[in-house]
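Participant: Sequence and predicted structure below; questions after.
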Amino acid sequence: MPTTSRSSPVRPLPAPPGEPAGTPAGEHARAVPDAAGEPSRDAAGEPSGEPTDAALIAASRSDPERFAALFRRHAPAIMRYTVRRLGQDPAEDIVAETFLVAFRRRAAYDAERPDARPWLYGIATNLIRRHRRAEVRALRALARGGTDPVTEPFTDAVEDRVHAGARSQALAGAIAALPAAQREVLLLVTWAGLTYDEVAEALGVPSGTVRSRMNRIRRKLRGALGDAADPHREANDG
């Protein structure tokens, strides 16, 4: 992990990689935020007592230490997402670099966007692209047989929609065969839990492009796994 300093207040994860300490990962991120700079609100519309991501980023421009709160809020979830895609070894470096890049770019952050998750996942996705070949190799290895922690969480999430038997192997092979742009959309929706609109923001593409890619992904996975496999239904369309 990079050396920390006052000008770069990213802290190491407070728990083993991928496991949050204290507040469950995503608890704050799932709050429904008010306008930038105001306390975020929970799903019932009550103030959560926590500043929005945009407020933290704005405050960190004059007080860099405030940025550490953004790291504590979102790093565990981004760590889990990265571990799922690449495995444990590269994930720590990618998460640390994600927040270092975000810290350096914080002055340009759009204060009208209270939730910084799409921005952070967009940075992480760009860094993960450097490891694309390693990701595909891991998926193809699983497709040949055996189990792999990179894809097991995904297969668990869709277990009720995928045929029994060689489920993990077939799914891994189908994901590995997807073009990189489609695989990014699928995993941001399924593993990161972003809506279509948030994925569009993260990748810098129109929302219609995300929907189009998901439609193609459905057709391809159905062809590879049968009609029972549907990784993401329109009910989660954001």
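Facilitator: Thanks, I have it. A quick note: this is a predicted structure, and the numbers were derived from the prediction, not measured. Numbers count the residues shown, from 1 in each chain.
Participant: how about stretch 79-97: buried residues?
Facilitator: Using 16 or more other Cβ atoms under 10 Å as the test for burial, stretch 79-97 gives 79-87, 90-92, 94-97. In short, each C-beta sits where N, CA and C put it, glycine included.
Participant: And stretch 128-135, by the same measure?
Facilitator: 128, 131, 134-135.
Participant: List just the nearest of the buried residues of stretch 79-97 to residue 170.
Facilitator: residue 84 (17.9 Å; Cβ to Cβ).
Participant: measure that closest one to residue 67 for me?
Facilitator: As judged by Cβ to Cβ, to the nearest Å, residue 84 and residue 67 stand 25 Å apart.
Participant: what do you get for residue 96?
Facilitator: In terms of Cβ to Cβ, residue 96 sits 13 Å off from residue 67.
Participant: quick revisit: now the two most distant members of the buried residues of stretch 128-135.
Facilitator: 128 and 134 (9.7 Å).
Participant: Just the pLDDT at the closest residue to residue 83 other than its chain neighbours, thanks.
Facilitator: Among residues not flanking residue 83 along the chain, residue 91 sits closest, at 4.5 Å (Cβ to Cβ, 6 or more residues apart in numbering). As predicted, residue 91 sits at a pLDDT of 90.
Participant: do residue 221 as well
Facilitator: 86.
Participant: on that earlier part again, of the buried residues of stretch 128-135, which belong to helices?
Facilitator: Secondary structure from DSSP state H places 128, 134-135 of the buried residues of stretch 128-135 in helices.
Participant: In a markdown table, list those along with distance to residue 174 and pLDDT.
Facilitator: Formatted as a markdown table, these follow (distance: Cβ to Cβ, whole Å; pLDDT from 0 to 100):
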| residue | distance to residue 174 | pLDDT |
| --- | --- | --- |
| 128 | 19 | 93 |
| 134 | 18 | 78 |
| 135 | 14 | 81 |
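Participant: Turn those into a markdown table, including distance to residue 175.
Facilitator: A markdown table is the format used below for these (distance: Cβ to Cβ, whole Å):
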| residue | distance to residue 175 |
| --- | --- |
| 128 | 14 |
| 134 | 14 |
| 135 | 9 |
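Participant: Closest to residue 189 out of these?
Facilitator: Of all those, residue 189 sits closest to residue 128, with 15.2 Å by Cβ to Cβ.
Participant: before we move on, what SS does residue 115 have?
Facilitator: Under the three-state scheme (DSSP: H, G, I helix; E, B strand; the rest coil), residue 115 adopts coil.
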